[in-house]
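mind folding the following:
(3 chains, ligands or ions: 2)
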Amino acid sequence: MKKEKIIGLDTETTGLDYDKDHIVGISMTLPKADYHCYIPVGHVTGEKQLSPEYVFSSLNKYLENEKLGKVLHNAKFDFHMFYKEGIYVKGLIMDTIIAMKILNENELTYALKNLATKYGKYFGFEDKSMTYEELFGKGGFERTPFDIATVYACKDTHLCYRFYKWIDTQFDRLPKIKKIYYEIENPLLIVSFDMEKNGFEMNLDFAQKYKRNLTVEIIQLEKKLYKIFGEINLNSPTQLGKVIYDQMKLPDISKTRSVDAETIKKLADHSSDIKALLDYRNKKKLLGTYIEPLPQKIWKRDNRLHGNFNQNGTKTGRYSSNDPNLQNIPPEARPMFVAPKGKVIIGKDLSQIEPRCLAYMSGDEHFQHPYLHGGDLYSSLASKTLKLDMKYCLDGAYDPTHTFKPRKRMKTGLLAVMYGTSIFTLSQQLGITLEEAKQFIEDFLNTYPTARDYIQSIKDFVDENEYVETYLGRKRRFIGHKKVAQQYKAVCKHIIDVLGYMPTNIWQEKKLSRHIKNTYWKYAKDYGRVTRQAVNAVIQGSSADYIKIVMLRVNNYLKILGEEYKLLGIIHDEILMEVPDIVAPEVIAELDRIMTSIEWFKFPIKTDTVIMYQWGNEINVSKWLEDRENYNKKRSA
DNA sequence: ACCACATGCCAC
DNA sequence: AAACGTGGCATGTGGT
Ligand SMILES: Nc1nc2c(ncn2[C@H]2C[C@H](O)[C@@H](COP(=O)(O)OP(=O)(O)OP(=O)(O)O)O2)c(=O)[nH]1
Ligand SMILES: [Mn+2]
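Numbering: from 1, shown residues only, chains lettered A, B, ... in the order given. Ligands and ions are numbered 1, 2, ... in the order given. The predicted model follows:
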């Protein structure tokens, strides 16, 4: 081991649960020695094995040695399993899953064996033998005899190492991708691991009481709804559809017998029956998806809730989160998440990040104007378009009738327009007429002509190249799009040849045959979708580039401050941290500096910073700093 | 027990 | 006729 620079590393475990399962064996590939070994520590085959204590304490100095490089396939998993044995693995050189996702985000599977079968011919891997899983199924590795276990475990690390070497050579043709991998994604894996291992403290008392209340309310609503809709399964759209469309004979405005909230709201506008059904759905969702299941996921080991943060969970470069998803907790469920005694949660959210990003990347001076002057485009557009006084359009404010939040509504509207929405969707979303929606889109494109041209240039690029790039060169590929674009443009040209112009509404043109209309729609559908995805990928992906750099720097900074400063989560453009409630104002200022000064983003960035004893209960950071003793005292009471 | 798919809905 | 984007989870339905 002392002679090796980089080793292949893998663990075999009793299962996939970080809390319940544990390591039963460790495999390593030592390339210089051409030595591949498997060290069983928890097999139950009766064969003689070293004690886990001995093995882990002996390996500790190698695994925690930054200088000894490690290559793994799905490193975060093994890091969790080692961590529960007291080992914090250092020296990650490559996670071959993450690297592959950067190289090609469109693989059907990222299982090592499958990738090796597909790309193995390029690096001399032609093993056609079955994997352990294929032969014996998932799990049960602890019951496998040493000789068989050794063969399969060692094959994996050896393959992973050779795959790493191949990927590294591929990187040399792709300098931007290489930089993204080694300067962002690879170090970021440690940040993801840190977040996952940190987890959240939960207020079980709150959860229990909330659960009791919701359960009672749901039972009462069920009783009421059974009288209205009959003794059907209220959760079944099919059964509900039969009642609404066949028995009650309400008009099928969706044309698909949809019973979703938006449709049935229109069906019976102020009907208390519909209100009761929606109320039921709301509470059922809240209870069934958040309040009830989340507390059950708390680890026995540390009494905290841990979810996965998947750093390449999306095709655009954003994170995703699962098991449980910590990126879609609704306001009502947030107070379950709390800061421990003596600590606070800091939330820092980037302001208007994607419009800002589009303004910057397009170079549109008019679009840039509000951001150069500290303005809020969502608020000002809300005020103008919805004809409301500014005080109703500030962040968090309600409209005069107290039924919606104008800024939030306009946020969705503006983003939808940026990403190519139709006047139909926009008028629905904003609650304005089709004419007003049409005007809004035209105003956007005419007020920001350089942004309009930039959006068009992204579409032209993807039509030609079948991929787009973020600011830092992260790619999203659209295989097969060039052909679709050509066919789409050919149909458009044909229509222009027939009519002499391109109609805004194809379907109303009497001169066009049914066949042409259908052909048009076949290609227009794909073409429109891909070009919208392409524009979105550039902006959403560049925002992801930005926040990922922020995360690297914030996590480094928090580590310097000490164990009590933890990164808890990333919600796309918002970072959640847990820090002592005596945190220095200078630290808060430094966090802001880090988050707003990424060198390549040569444009103003603004953040919204809040202090919380329970998530969702937000205290303005300046107010908190002025009066923190009182806040802290009140909290502990 | 599991799977695949559709529907609906939560977040950014 | 119907075209903002990126995700994950619960539930029903039909199937093994
Ligand atoms: N295409 C699209 N993107 C969305 C939508 N909602 C959120 N996003 C993306 C774009 C946002 O800039 C980004 C961050 O979400 P936020 O809720 O933090 O909004 P934003 O930062 O724009 O405004 P803010 O000043 O934080 O209120 O996520 C949406 O409905 N459609
Ligand atoms: Mn934001």
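
which stretches of the stretch 401-550 of chain A form helices?
For the stretch 401-550 of chain A, helices defined by DSSP state H, counting those that start in this stretch occupy the ranges A:406-418, A:423-430, A:434-447, A:449-465, A:481-499, A:514-561.

quickly compare the ones you listed and say which is most buried.
For the helices of the stretch 401-550 of chain A, average neighbour numbers computed from mean count of other C-beta atoms under 10 Å are highest in helix A:406-418, which has a mean of 21. Backbone N, C-alpha and C define where each C-beta goes, glycine included.

hmm, back to that, just put the helices of the stretch 401-550 of chain A in CSV and tack on distance to ligand 2 and mean pLDDT.
Shown next, in CSV, are the helices of the stretch 401-550 of chain A (distance: least, C-beta to the ion, whole Å; pLDDT from 0 to 100):
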stretch, distance to ligand 2, mean pLDDT
helix A:406-418, 9, 98
helix A:423-430, 19, 96
helix A:434-447, 20, 98
helix A:449-465, 19, 98
helix A:481-499, 30, 94
helix A:514-561, 9, 96
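
and those helices: which comes nearest A:Tyr471?
Closest to A:Tyr471 of those is helix A:514-561 (C-beta to C-beta; 4.0 Å).

redo the helices of the stretch 401-550 of chain A as a markdown table? Include distance to A:Glu64.
Conversion of the helices of the stretch 401-550 of chain A to a markdown table gives the following (distance: least, C-beta to C-beta, whole Å):
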| stretch | distance to A:Glu64 |
| --- | --- |
| helix A:406-418 | 44 |
| helix A:423-430 | 52 |
| helix A:434-447 | 54 |
| helix A:449-465 | 44 |
| helix A:481-499 | 46 |
| helix A:514-561 | 15 |
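
out of the ones you listed, which comes closest to A:Gly15?
Checking the helices of the stretch 401-550 of chain A against A:Gly15 by C-beta to C-beta gives helix A:514-561 as the closest, at 28.7 Å.

now the angle from the closest one to helix A:449-465?
110 degrees (axes from the mean of the first three to the mean of the last three C-alpha atoms, to 10 degrees).

does DNA strand C have contacts with helix A:514-561?
Yes. Using C-beta under 7 Å from any atom of the strand, helix A:514-561 reaches DNA strand C at A:521, A:524-525, A:528-529, A:532-533, A:536-537, A:540.

which parts of stretch A:599-613 are buried?
For stretch A:599-613, burial by neighbour count (16 or more other C-beta atoms under 10 Å) applies to A:601, A:605-607, A:609-613.

can you tell me what sits against it?
A:338-339, A:344-352, A:356, A:359-360, A:368, A:371-372, A:374, A:395, A:471-472, A:546, A:588, A:591-592, A:595-598, A:618-621, A:624, A:631, A:635 (C-beta atoms under 8 Å, 6 or more residues apart in numbering).

just stretch A:150-161 next, same as before
A:6-10, A:12, A:25, A:27-29, A:31, A:36-38, A:71-73, A:96, A:112-113, A:116, A:125, A:127, A:131-132, A:144.

and that stretch, how far out from the chain middle?
A distance of 31 Å separates the centroid of the chain from that of stretch A:150-161, by C-alpha atoms, centre = their mean, to the nearest Å.

A:Leu277: what's it in contact with?
Residues in contact with A:Leu277 (C-beta under 8 Å, 6+ apart) are A:225, A:228-229, A:234, A:264.

which among those count as buried?
A:225, A:229, A:234, A:264.

keep only those of those that are in helices.
Counting by DSSP state H, the buried ones among the contacts of A:Leu277 place A:225, A:229, A:264 in helices.

closest to A:Arg162 out of these?
Out of these, the member with the shortest distance to A:Arg162 (by C-beta to C-beta) is A:Ile264, at 57.1 Å.

so which of the buried residues of stretch A:599-613 belong to strands?
A:607, A:609-612 (DSSP state E).

residue of the stretch 451-600 of chain A closest to ligand 2, please.
Residue of the stretch 451-600 of chain A nearest ligand 2, by C-beta to the ion: A:Asp573 (4.4 Å).

count of neighbours near that residue?
Using other C-beta atoms under 10 Å, A:Asp573 has 21 neighbouring residues.

next: A:Pro330.
When neighbours are defined as other C-beta under 10 Å, A:Pro330 has 12 of them.

you'd agree it is up against A:Leu294?
No. With contacts counted by C-beta atoms under 8 Å, A:Pro330 stays clear of A:Leu294, the gap being 11.6 Å.

low-scoring pLDDT stretches of the stretch 1-150 of chain A, where are they?
The model of the stretch 1-150 of chain A has pLDDT under 70 over residues A:127-139.

not counting sequence-adjacent ones, nearest residue to the residue in the stretch 101-250 of chain A positioned nearest to DNA strand B?
Nearest residue of the stretch 101-250 of chain A to DNA strand B: A:Pro237, at 3.9 Å (C-beta to the nearest atom of the strand). Spatially, and ignoring its direct neighbours in sequence, A:Pro237 is nearest to A:Val259 (5.1 Å; C-beta to C-beta, 6 or more residues apart in numbering).

where's the helix or strand where A:Met361 lies relative to the chain centroid, distance-wise?
In this assignment (DSSP states H and E), A:Met361 forms part of helix A:353-362. On the basis of C-alpha atoms, centre = their mean, helix A:353-362 sits 20 Å off its chain's mean C-alpha point.

who's in contact with the helix or strand just after that helix?
Per DSSP H and E, the first helix or strand lying C-terminal to helix A:353-362 is helix A:365-372. Helix A:365-372 is contacted from outside by A:352, A:355-356, A:358-360, A:375-377, A:380, A:447-451, A:603-604, A:606, using C-beta under 8 Å, 6+ apart.
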